[in-house]
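Novice: Quick one: sequence and predicted model below, then my questions.
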There are 2 protein chains.
Amino acid sequence: MKELVIGIDIGGTFTKFGFVDREGIFYAEGNSPTDMFDNVDDYIKNLIKDLKKAEKEIKIPYKIVGMGIGAPNGNYHKGTVENATNLKWKGIVPFAELMKKHYDVPIKLTNDANAAALGEMIYGGARGMHDFVMITLGTGLGSGIVVNGDLVYGHDGFAGELGHVNVKKNGRKCGCGNFGCLETYVSAPGIKRTVFELLASNTEGSELVKYNFNELTSEIIYEAAKRNDPLALKAFDITGRILGEKLADTVAHTSPEAIFLFGGLANAGDFILIPTKKYMEESVMGTFRNKVRVLRSGLIGKNAAILGSGALIWKDL
Amino acid sequence: MKELVIGIDIGGTFTKFGFVDREGIFYAEGNSPTDMFDNVDDYIKNLIKDLKKAEKEIKIPYKIVGMGIGAPNGNYHKGTVENATNLKWKGIVPFAELMKKHYDVPIKLTNDANAAALGEMIYGGARGMHDFVMITLGTGLGSGIVVNGDLVYGHDGFAGELGHVNVKKNGRKCGCGNFGCLETYVSAPGIKRTVFELLASNTEGSELVKYNFNELTSEIIYEAAKRNDPLALKAFDITGRILGEKLADTVAHTSPEAIFLFGGLANAGDFILIPTKKYMEESVMGTFRNKVRVLRSGLIGKNAAILGSGALIWKDL
């Protein structure tokens, strides 16, 4: 009988899921809409329907041994989703408890970046590491910090919000309400904002002059960088500098063996990795110099969010 | 038979030690010179002599069950003291191993701020807490970070160097070789430097005008603040602001239940606690607002360094 875990990744628009074994092999997968439902009960009803439908595809004898959920503002300690700004369900939702009515197995929940960190530890580049940091670069900057082989959840279950450390007092407005948070500089929208700042303050030519704010994406900036566009290269250098300087502070906190970059912006490879590493080394205390690797995630191309959510269960089995 | 641990706190000038039981009661104590010896073998020979002498004072039947050592640049994983700038022994000293020739008991070693954090957890205000941060404010700023009830040592054994997170690019020169480190602003010498900056840039009267740089101490600034000296008050406000803003970043990393301030500058009480808390709350991400207590250490007046070093052993017994 094959033991399987259901890994669920709740995004603002879609929820993706998979039935995964300990080795990370998918036996069934699917997705379900998130934003189509205004209340969580309707959402879960539909999600369960889609899960059960996918489950029918599993061709071998199996047993569900747990469910791991990655959710925005997921509280590991309580299994709740709390005041998630990009979900329609408001307040504190006892998500794990609601799911348990349908699947009576151990259910664990955390935020998506923490789940990705576990995925990196079990299936990716952090195998065998006890102290590392995962940085997910998407529409925001998420992070999962692993210390002594365990995720840092903190007192309230919400630790590891490196997207909201401060880069600049009264800096760029952040979705969280503060100003100058790291993710306003280092994320897909962050590098776009940097390009617009550079366009405003520079006179050198760039192929990026032809895009309006809605059109420009981090992929376009990456493509321009590959063609040696000076402004695109400068935008990556600035983005890596800001990330590297703040990661130097992170190193002073937890002294990790490695820092992994994952997500859209990390796909730019050396354009982001090289300046991040360079400026981190320039800023970090001598004690930590040349000790910390900055690496691209080993999960790129895999369904990291689902694997990571599933790893919430596998980790303790 | 009373079980006792030897707690040792190695400072640049003196080494203090005590024979302590699990409840933190001292059965003997003493000190031994540190900087009188150019090599570690002579130092240890003399320290052992002083330990044995003090041990004779113990009036009850006892058994030594371990030795805990707090040392500058102490590496918990290896039991070594590595390139400590304020000790005369250079390079990597296998300190725990050398002591074990004289006391064949479990020996653990870490830096002094980590030891103080353990002391806070076992004997001070952090009893029962699993996630907190200890900040020691002396000639530098040390820190010990506790996550899930364990100290964060990091991959290399040196985690928790919050004195060297960056406050200001190209800021004040730090003893570590970098510029703008937190401890150049927030420490006894740090607040003195701030007073001198304020004297240079302000015209308002202050009783602090009469001290030269050698004479001025954080105690004098504290005494002036108690008499409502505007410049002294401003110096505390600035110091608390810088500390609070950086602690907001720390909260985003590990989401602690409380942050404890310990050491000389913490003795200024509300003069430092109130601005630290205020600016931390202003800077911190909404998720963490009004969740983290900023408290004066519960070990003030006790021999925290020795208790904390001993706690390295008691914690695991």
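Specialist: Now that the structure is in, tell me what you want to look at.

Novice: could you show me where the strands are in the stretch 1-150 of chain A, in order?
Specialist: Shown for the stretch 1-150 of chain A, the strands assigned by DSSP state E, counting those that start in this stretch span residues A:2-10, A:14-20, A:26-33, A:62-70, A:74-75, A:80-82, A:92-93, A:107-110, A:132-137, A:141-147, A:150-151.

Novice: so which of those comes closest to residue B:188?
Specialist: strand A:141-147 (30.2 Å; CB to CB). For every residue, glycine as well, the C-beta is placed using N, CA and C.

Novice: ok now the closest one, how far from the chain's centre?
Specialist: What separates the centre of strand A:141-147 from the centre of its chain is 8 Å, taken as CA atoms, centre = their mean, to the nearest Å.

Novice: Likewise for stretch A:36-52?
Specialist: Stretch A:36-52 sits 23 Å away from the centroid of its parent chain (CA atoms, centre = their mean).

Novice: about what we covered before: just say which of the strands of the stretch 1-150 of chain A is most tucked in.
Specialist: Mean neighbour count (mean count of other CB atoms under 10 Å in any protein chain shown) peaks for strand A:132-137 among these, with a mean of 30.

Novice: Now do that strand against strand A:141-147: the angle between them, please.
Specialist: Note on geometry: by axes from the mean of the first three to the mean of the last three CA atoms, to 10 degrees, strand A:132-137 and strand A:141-147 are set 170 degrees apart in direction.

Novice: hang on, the earlier thing: and residue A:46, which of the strands of the stretch 1-150 of chain A is closest to it?
Specialist: It is, among the strands of the stretch 1-150 of chain A and with distance given as CB to CB, strand A:26-33, at 6.0 Å.

Novice: which other helices and strands contact that closest one?
Specialist: strand A:14-20, helix A:40-55 (3 or more CB pairs under 8 Å, 6 or more residues apart in numbering or on different chains; DSSP states H and E).

Novice: So which of the ones you listed is nearest residue A:284?
Specialist: Going by CB to CB, the one of those nearest residue A:284 is strand A:14-20, 36.4 Å.

Novice: Quick check, residue A:286 in contact with residue B:177.
Specialist: Yes: with contact defined as CB atoms under 8 Å, residue A:286 counts as touching residue B:177 (5.6 Å).

Novice: Would you mind naming what in the stretch 51-200 of chain A lies close to chain B?
Specialist: Within the stretch 51-200 of chain A, the positions adjacent to chain B are A:73, A:129-132, A:145, A:147-148, A:150, A:152-162, A:164-166, A:169, A:176-178, A:181 by CB under 8 Å from any CB of the partner chain.

Novice: Can you flag which of those belong to helices?
Specialist: Nothing among these maps onto helices, per DSSP state H.

Novice: Spatially nearest residue to whatever residue of the stretch 201-317 of chain A ends up closest to chain B, not counting backbone neighbours?
Specialist: Nearest residue of the stretch 201-317 of chain A to chain B (CB to the nearest CB) works out as residue A:255 at 2.6 Å. Excluding the flanking residues, the one nearest residue A:255 by CB to CB, 6 or more residues apart in numbering or on different chains is residue B:154, at 2.6 Å.

Novice: For burial, what's the neighbour tally of that neighbour?
Specialist: By other CB atoms under 10 Å in any protein chain shown, the residues close to residue B:154 number 27.

Novice: Quick check: pLDDT value at it.
Specialist: Note on residue B:154: pLDDT of 96.

Novice: I'd say it and residue A:256 touch.
Specialist: Yes: Residue B:154 is within contact range of residue A:256, at 6.7 Å (criterion: CB under 8 Å).

Novice: Now do the shared contacts for the two.
Specialist: Here residue B:154 and residue A:256 have residue A:131 as joint contacts, going by CB atoms under 8 Å, 6 or more residues apart in numbering or on different chains.

Novice: Among the helices and strands packed on strand A:26-33, which comes closest to residue A:139?
Specialist: Comparing the helices and strands packed on strand A:26-33 under CB to CB, the one sitting nearest is strand A:14-20, at 13.9 Å.

Novice: got the angle between the closest one and strand A:2-10?
Specialist: On the basis of the same axes, to 10 degrees, strand A:14-20 is oriented at 170 degrees to strand A:2-10.

Novice: who touches strand A:14-20?
Specialist: Contacts for strand A:14-20 (CB under 8 Å, 6+ apart): A:4-9, A:26-34, A:47, A:50-51, A:54-55, A:58, A:62, A:64, A:303, A:305-307, A:310.

Novice: Can I get the helix or strand harbouring residue A:313 in PDB, CA atoms only?
Specialist: For residue A:313, the host element (DSSP states H and E) is helix A:304-314. What follows is helix A:304-314, C-alpha atoms only, in PDB (Å, rounded to 0.1, in the frame of the first residue of the first chain):
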ATOM      1  CA  ALA A 304       7.800  23.300  -5.500                       C
ATOM      2  CA  ALA A 305       4.800  24.700  -3.700                       C
ATOM      3  CA  ILE A 306       2.900  21.300  -3.700                       C
ATOM      4  CA  LEU A 307       6.100  19.300  -2.900                       C
ATOM      5  CA  GLY A 308       6.800  21.700  -0.100                       C
ATOM      6  CA  SER A 309       3.300  21.600   1.300                       C
ATOM      7  CA  GLY A 310       3.500  17.800   1.200                       C
ATOM      8  CA  ALA A 311       6.900  18.000   3.000                       C
ATOM      9  CA  LEU A 312       5.100  19.500   6.000                       C
ATOM     10  CA  ILE A 313       3.900  16.000   6.600                       C
ATOM     11  CA  TRP A 314       6.800  13.900   5.300                       C
END
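
Novice: and that helix, what does it pack onto?
Specialist: For helix A:304-314, the packing partners by 3+ CB pairs under 8 Å, 6+ apart come out as strand A:2-10, strand A:14-20, strand A:62-70, strand A:107-110, helix A:112-123.

Novice: Relative to residue B:88, which of those is closest?
Specialist: Comparing the helices and strands packed on helix A:304-314 by their distance to residue B:88 (CB to CB), the top pick is helix A:112-123, with 41.7 Å.

Novice: roughly how far is the closest one from the heart of the chain?
Specialist: 9 Å.

Novice: Direction-wise, compare that helix with strand A:141-147 and give the angle.
Specialist: Angle of helix A:112-123 versus strand A:141-147, following the same axes, to 10 degrees, is 50 degrees.

Novice: Now do helix A:112-123 against helix A:304-314, angle only.
Specialist: Using the same axes, to 10 degrees: helix A:112-123 against helix A:304-314 is 70 degrees.

Novice: same question for helix A:112-123, mean pLDDT?
Specialist: Mean predicted confidence for helix A:112-123 is 94.

Novice: so what does that helix touch, helix or strand wise?
Specialist: strand A:2-10, strand A:62-70, strand A:132-137, strand A:141-147, strand A:150-151, strand A:258-262, helix A:304-314.

Novice: Can you lay out those as CSV showing mean pLDDT?
Specialist: Below are the helices and strands packed on helix A:112-123 laid out as CSV (pLDDT from 0 to 100):
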stretch, mean pLDDT
strand A:2-10, 96
strand A:62-70, 97
strand A:132-137, 96
strand A:141-147, 96
strand A:150-151, 94
strand A:258-262, 97
helix A:304-314, 93
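
Novice: mind listing what the residue in the stretch 1-150 of chain A positioned nearest to chain B touches?
Specialist: Closest approach between the stretch 1-150 of chain A and chain B, counting by CB to the nearest CB: residue A:131, at 4.3 Å. Contacts for residue A:131 (CB under 8 Å, 6+ apart) come out as A:146-148, A:254-257, B:154-155, B:159.

Novice: Nearest spatial neighbour of residue A:180, chain-adjacent residues omitted?
Specialist: residue A:171 (2.8 Å).

Novice: what's the helix or strand for the one you found?
Specialist: Here residue A:171 sits in a region with no helix or strand, counting by DSSP H and E.
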